[in-house]
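Undergrad: Next comes the sequence, and after it the predicted model I'd like to discuss.
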Amino acid sequence: MNARIVLFLSACSVACAEVPPVVETGGNLSGNSVVNVPNPVSSTANYEMMKRIEQMQAEVQQLTGKVEEQAFQIEELKKKQKTMYTDFDDRLQGLENKSATGQPSADNSPTPDTSADSTGQAVAAPAVAEQQTKANPSENAGGGSVTPAQADNPAPVSEAEKQEYQQAYDALRNGRTSEAIAQFNIYLTAHPQSGYASNAQYWLGEAHRVNQDNASARKAFNDVVAMHPESAKVPDALLKLGYIEVEEKNSAKAREYLTRVTTEYPASKAARLAEKKLLTLDTSTP
């Protein structure tokens, strides 16, 4: 009997000894229930983070669009610059070929590719070029004469003037366009009626084109046409005015200039280039 009582008490003590773990387990369950309850602060932070991520994604998409647009514009500028330099190099190559054959060129002063008259004879100097154009009115569509804005007979060119002109041209030829622009402007201010004035005005326009300054180039080429209407540079200036309008997406104005070249100066090299550009315009016109 006593043994049974002892065993019973032992069992009770063991049961009592196991109570704390039961209480502790209950505490753990209570802790688990607290963890499962949503935390308002944490939810707000997650919402703000998601909102910020969406904003960043929108900004990235916007920046990607701008990058693609700028890449397209850069590619267009590269194409335009390549065309410009190709045309410029062709003209320089033509001048070098003339010098290599020993043809006189007024102390190697540049003359236009269209400076040959209808008989194909090369012009020796800008002053002579203007005189030959006067003597060959058949290159004008209407056959009528035009009156220069400044002087019918350009002033004789001194050796000092030739050197000034050549320095400006050499600067352009060697890629120093800003220097060339400044020197051509100085030359034109000092010698507005020089025999090289129309050439200087034309190459000033070319220098502005190399710098992609179409507004200044347009003014320079227009000055060639307005101030030296009988110069052999006029068809080239009109051609470049047409090119500028093509670049500016002014198809109607471009066609006007290019057609004027083909009708008024049909025997010039500029006329052949204008015809090619007109075909391109006709093909691209919807």
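TA: Good, I have the coordinates.
Undergrad: ranges for the helices of the protein?
TA: If DSSP state H is used as the criterion, the helices of the chain fall at 2-17, 19-35, 40-100, 126-135, 159-173, 177-190, 197-210, 214-227, 234-247, 251-264, 269-284.
Undergrad: can you tell me which of these the model trusts least?
TA: With a mean of 37, helix 126-135 has the lowest mean pLDDT of these.
Undergrad: if we look at stretch 69-79, which residues are touching it?
TA: With contact meaning Cβ atoms under 8 Å, 6 or more residues apart in numbering, stretch 69-79 is reached by residue 212. Just so you know, the C-beta spots here come from the backbone N, C-alpha and C atoms, and that holds for glycine as well.
Undergrad: could you redo the last one with a cut-off of 10 Å?
TA: Contact with stretch 69-79 is made by 212, 247, as judged by Cβ atoms under 10 Å, 6 or more residues apart in numbering.
Undergrad: Only the C-alpha atoms, please, for that stretch, written as CSV.
TA: Taking Å, rounded to 0.1, in the frame of the first residue of the first chain, the C-alpha atoms of stretch 69-79 are listed here in CSV:
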residue,chain,number,x,y,z
GLU,A,69,16.0,59.1,-80.5
GLN,A,70,19.4,60.7,-80.0
ALA,A,71,21.0,57.7,-81.6
PHE,A,72,18.8,58.2,-84.7
GLN,A,73,19.6,61.9,-84.8
ILE,A,74,23.4,61.2,-84.5
GLU,A,75,23.1,58.7,-87.4
GLU,A,76,21.4,61.2,-89.6
LEU,A,77,24.0,63.8,-88.8
LYS,A,78,26.8,61.3,-89.7
LYS,A,79,25.1,60.6,-93.0
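Undergrad: in that stretch, what's buried?
TA: Of all the residues in stretch 69-79, not one is buried under the rule 16 or more other Cβ atoms under 10 Å.
Undergrad: Numbering from 51 from now on, please.
TA: OK, 51 is where the count begins now, so the last one is stretch 119-129.
Undergrad: What about residue 308, how many residues nearby?
TA: Residues lying near residue 308 (other Cβ atoms under 10 Å) number 27.
Undergrad: ok, it to residue 278 distance?
TA: Separation of residue 308 from residue 278 (Cβ to Cβ, to the nearest Å): 20 Å.
Undergrad: Please apply the same query to residue 328.
TA: Going from residue 328 to residue 278 by Cβ to Cβ gives 25 Å.
Undergrad: Would you mind telling me which of those two has the busier surroundings?
TA: Each of residue 328 and residue 278 has its neighbours counted (other Cβ under 10 Å); residue 278 has more, 26 against 17.
Undergrad: Please verify my assumption that that one contacts residue 285.
TA: No - the criterion here is Cβ atoms under 10 Å, and residue 278 misses it with residue 285 at 11.9 Å.
Undergrad: Since that was my last question, I'll sign off now.
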